[in-house]
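>>> Pasting the sequence and the predicted model now:
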Amino acid sequence: MRILAIETSCDETGVAIVEDGRRIRANLVASQLVHQDTGGIVPEVAAREHLRALDAMTEQALRDAGRQLSEIDAVAATVGPGLIGCLLVGANYARGLALSAGLPFVGVNHLEGHVYANWLYEVEGGEPPSNPPEEPEIPAIVLVVSGAHSDLVLMEGHRRFRPLGRTIDDAAGEAFDKVARLLHLGFPGGPVIERIAREGDPNAFPLPRAALADRFDFSFSGLKTAVLRLVRELEKKGSVPVADVAASFQKAITEMLAEKTARAAAEHAVETVLLGGGVAANLALRGEIARRIGHPLRVPPPRLCTDNGAMIGAAAFFALRHRGTEIPVAVRSDLKLA
Amino acid sequence: MLLALDTSTDWASVALFDGRDVLAEETWRAQRRHGDELFPAIERVLLSTRTALSAVTRVAVAVGPGSFTGLRVAIAAGQGIARGSGAALVGISTLDVLAYPHAPSKQRTCPLVPAGRDQYYAAFYQERNRKWQRRSPFMVATLDEICRQIGTHTLFVGEIDAGAEATLRDLLGPKALFASPASRVRRAGYLAELGWRELESRKQVKISEIEPIYVRPPSIRVSFDQPFGPPPSDERSLGLPKRS
Ligand SMILES: [Zn+2]
């Protein structure tokens, strides 16, 4: 089954063609550089950019895959969670396309997309590899961390998700962005903090870890405030050792994420731990989780960790294959994992 | 067959037109539910006329000015339909659609579409040399500012609530004329007529060139603290950004 999939929940426009939920035949992502100047995402600007880019990208994705629309079996789009004005662009385009091409429309939960990014692999030179990577084993604990989400999910089976915890304030990626801004490192913060942290001493400054009563939820605002206070103090003293602050912050946040992820895996007696979202590209985070669970992690390549259409195509395939599970159609900015 | 889609404001409308007659039309107050209600309405219109979507060779969408988020619903849907079926796509100004049914009145006509912050999108239309045309750029302004440009009797159409009507009467006295409530509602049948005519006379542009007429730049309000919190007020009201 070949699915054309569209992702417009935030500031990346993604269009992809995915076969059988795993093989990527095309995967175009347009990152909206317009937001770098404002240091954050402007929803109206993002929605305008999505509409401007979407149709040409769809045409290009078909061309990349060497396929006609008549060779597509279903059309999928993210229907939430996300910015409502952005979601509406992708979902309505996809529904129009599906209706007029006589294809089923599959609404996809964005978080499910991040989970199923772990099922994807790329096709080199048109031919599928003779030994495609194994599918991840289920059940699994999935940590989705990005500028928009910090969710810890138990995947009991295909399309059977149990949310275990989420952030009660900032998303992990936002914490990276805000600290990067504080240290005048630019936006987005994740990659630049990781790079600079390599030169720093992660034990230079002790920073607090939030302990929450609700055991699998996250909170990063205390950490963010502590970094702010630290930087102000250091500024008063004369100079801020940027690398040491970045390294100490990164150590604190990755330990918070890793500790809960590892504990969730232990408590639910789950071997497989999967990651998703832009922050999953952070090597310190991967290393810390692997150390705590005692075996290597499975993480999609960086371009599949960040928002993209292919992950939506993968999730749509498993939604169709596991019929009887509910497939959402309506766009909801606060769509929950079923 | 032409399918016309309009989600420019709180009001939405869908129509099917065969080049001579409007075969079906649905006009309703969608408020913020365009995203949920547009496709069911399209399907009802097709079903009630036993039309297959494959028979639709033309699509017309209202491109504003109007609610940014609302406009994009019909435009994205129209783009998708055009991509899926190869139908020709055309964009028609929402204000053109509002003014058009009043062309026979020969009155100078001013359609109004709420723009938030006590402002309206507006333009002036008039017949001159037997040609009905828009005679001003699209503007976004308060009623006071709009009325300052009015010297003659003017027919107001569009979304005019009791308060706006009173303000206009105050500002213009007997020069302010009002179309009857039903005739100032925006209906996709008129959009269909205009779209059909446009496609007869002009060749199809690229699908992605059909874009909203924004008039206003986006409000630069960074969604940094709560990217997935409640939608910003401009999205919530489907009007435009409130002054902060
Ligand atoms: Zn995401």
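Now that the structure is in, tell me what you want to look at. Residues are numbered from 1 along each chain as shown, chains lettered A, B, ... in the order given.
>>> from here on, contacts and neighbour counts on C-alpha atoms
OK.
>>> Residue numbers of chain A in contact with chain B?
A:38-45, A:51-56, A:69, A:81-85, A:88-90, A:92-101, A:148, A:170, A:174, A:330-331, A:333-334 (CA under 8 Å from any CA of the partner chain).
>>> Sketch out the low-pLDDT regions of chain B for me.
Within chain B, the segments meeting pLDDT under 70 span B:219-244.
>>> quick revisit: report the buried members of the residues of chain A next to chain B.
Neighbour-count burial (16 or more other CA atoms under 10 Å in any protein chain shown) applied to the residues of chain A next to chain B gives A:39-45, A:51-52, A:54-55, A:69, A:81-85, A:88-90, A:92-101, A:148, A:170, A:174, A:330-331, A:333-334.
>>> Next step: those restricted to helices.
Counted as lying in helices by DSSP state H, out of those, are A:43-45, A:51-52, A:54-55, A:84-85, A:88-90, A:92-101, A:174.
>>> show me what contacts residue B:25?
If you count contacts by CA atoms under 8 Å, 6 or more residues apart in numbering or on different chains, residue B:25 has them with B:13, B:14, B:15, B:16, B:45, B:187, B:188, B:189.
>>> tell me the secondary structure for it?
strand (DSSP: H, G, I helix; E, B strand; the rest coil).
>>> Just list whatever residues bridge to it.
residue B:15 (DSSP bridges).
>>> and the lengthiest helix in chain B, does that touch chain A?
Counting by DSSP H, the longest helix found in chain B is helix B:68-85. Yes - contact check for helix B:68-85 against chain A, using CA under 8 Å from any CA: residues in range are B:69, B:72-74, B:76-85.
>>> which helices and strands does whichever helix or strand residue A:259 is part of pack with?
Using DSSP states H and E, residue A:259 falls within helix A:242-267. With contacts defined as 3 or more CA pairs under 8 Å, 6 or more residues apart in numbering or on different chains; DSSP states H and E, the packing partners of helix A:242-267 are strand A:140-145, helix A:189-197, helix A:221-237, helix A:283-293.
>>> Which of the ones you listed sits closest to residue B:214?
Between residue B:214 and these, the tightest spacing by CA to CA is seen for helix A:189-197, at 31.6 Å.
>>> Only C-alpha atoms, please: export the closest one in CSV.
Coordinates of each C-alpha in helix A:189-197 appear next as CSV, following Å, rounded to 0.1, in the frame of the first residue of the first chain:
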residue,chain,number,x,y,z
GLY,A,189,18.5,25.8,20.7
GLY,A,190,18.9,22.0,20.7
PRO,A,191,21.7,21.5,18.2
VAL,A,192,23.8,24.5,19.3
ILE,A,193,23.6,23.6,23.0
GLU,A,194,24.6,20.1,22.2
ARG,A,195,27.6,21.3,20.2
ILE,A,196,28.8,23.8,22.7
ALA,A,197,28.2,21.5,25.7
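>>> OK, contacts around the residue nearest to residue A:273 when sequence neighbours are not counted?
Distances taken as CA to CA, 6 or more residues apart in numbering or on different chains put residue A:141 closest to residue A:273, at 4.8 Å, once the chain neighbours are dropped. Counting by CA under 8 Å, 6+ apart, residue A:141 touches A:152, A:153, A:154, A:155, A:261, A:264, A:265, A:270, A:272, A:273, A:274.
>>> Turn those into JSON lines, columns for pLDDT.
Converted to JSON lines, these look like this (pLDDT from 0 to 100):
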{"residue": "A:152", "pLDDT": "95"}
{"residue": "A:153", "pLDDT": "95"}
{"residue": "A:154", "pLDDT": "96"}
{"residue": "A:155", "pLDDT": "96"}
{"residue": "A:261", "pLDDT": "95"}
{"residue": "A:264", "pLDDT": "95"}
{"residue": "A:265", "pLDDT": "96"}
{"residue": "A:270", "pLDDT": "94"}
{"residue": "A:272", "pLDDT": "95"}
{"residue": "A:273", "pLDDT": "96"}
{"residue": "A:274", "pLDDT": "95"}
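>>> what residue lies at the spatial centre of chain B?
Centroid-nearest residue in chain B: residue B:94, 2.6 Å away (criterion: CA atoms, centre = their mean).
>>> ends of stretch B:126-137, how far apart?
13 Å (CA to CA, to the nearest Å).
>>> same deal with stretch A:145-161?
End residues of stretch A:145-161 are separated by 16 Å (CA to CA).
>>> For stretch A:56-74, what is the distance to the chain centroid?
Distance, stretch centre to chain centre, for stretch A:56-74: 24 Å (CA atoms, centre = their mean, to the nearest Å).
>>> Give me the buried positions along that stretch.
For stretch A:56-74, by 16+ other CA under 10 Å, it's A:57, A:58, A:60, A:61, A:62, A:65, A:69, A:72, A:73, A:74.
>>> Enumerate every residue touching the third one.
The reference is to residue A:60. Here residue A:60 is in contact with no residue (CA under 8 Å, 6+ apart).
>>> Next, the angle helix B:68-85 makes with the helix or strand harbouring it.
Element membership for residue A:60 (DSSP H and E) is helix A:43-65. For helix A:43-65 against helix B:68-85, the angle by axes from the mean of the first three to the mean of the last three CA atoms, to 10 degrees is 10 degrees.
>>> where's helix A:43-65 relative to the chain centroid, distance-wise?
Centre-to-centre, helix A:43-65 and its host chain are 19 Å apart (CA atoms, centre = their mean).
>>> where does the nearest residue to residue A:30 once chain neighbours are set aside land in three-state SS?
Distance criterion CA to CA, 6+ apart; nearest residue to residue A:30, sequence neighbours excluded, is residue A:13 at 5.1 Å. Secondary structure for residue A:13, judged by three-state DSSP, is strand.
>>> quick one: residue A:13 and residue A:31 touch, right?
Yes - contact criterion CA atoms under 8 Å: residue A:13 and residue A:31 qualify, at 6.6 Å.
>>> More neighbours: those two, which one.
Legend: neighbour count by other CA atoms under 10 Å in any protein chain shown for residue A:13 and residue A:31, higher for residue A:13 (28 against 17).
>>> what's that one in contact with, if anything?
A:6, A:7, A:29, A:30, A:31, A:32, A:50, A:53, A:54, A:308, A:309.
>>> Looking at the residues you listed, which one is closest to residue B:60?
residue A:54 (18.5 Å).
>>> Buried residues, stretch A:239-252. List them.
Neighbour-count burial for stretch A:239-252, counted by 16+ other CA under 10 Å, picks out A:240, A:242, A:243, A:244, A:245, A:246, A:247, A:248, A:249, A:250, A:251, A:252.
>>> outside of that stretch, which residues touch it?
With CA under 8 Å, 6+ apart, stretch A:239-252 has contacts from A:179, A:183, A:193-194, A:196-209, A:223, A:227, A:231, A:234, A:284.
>>> do that again at 6 Å, thanks
A:193, A:196, A:197, A:199, A:200, A:201, A:202, A:203, A:204, A:205, A:234 (CA atoms under 6 Å, 6 or more residues apart in numbering or on different chains).
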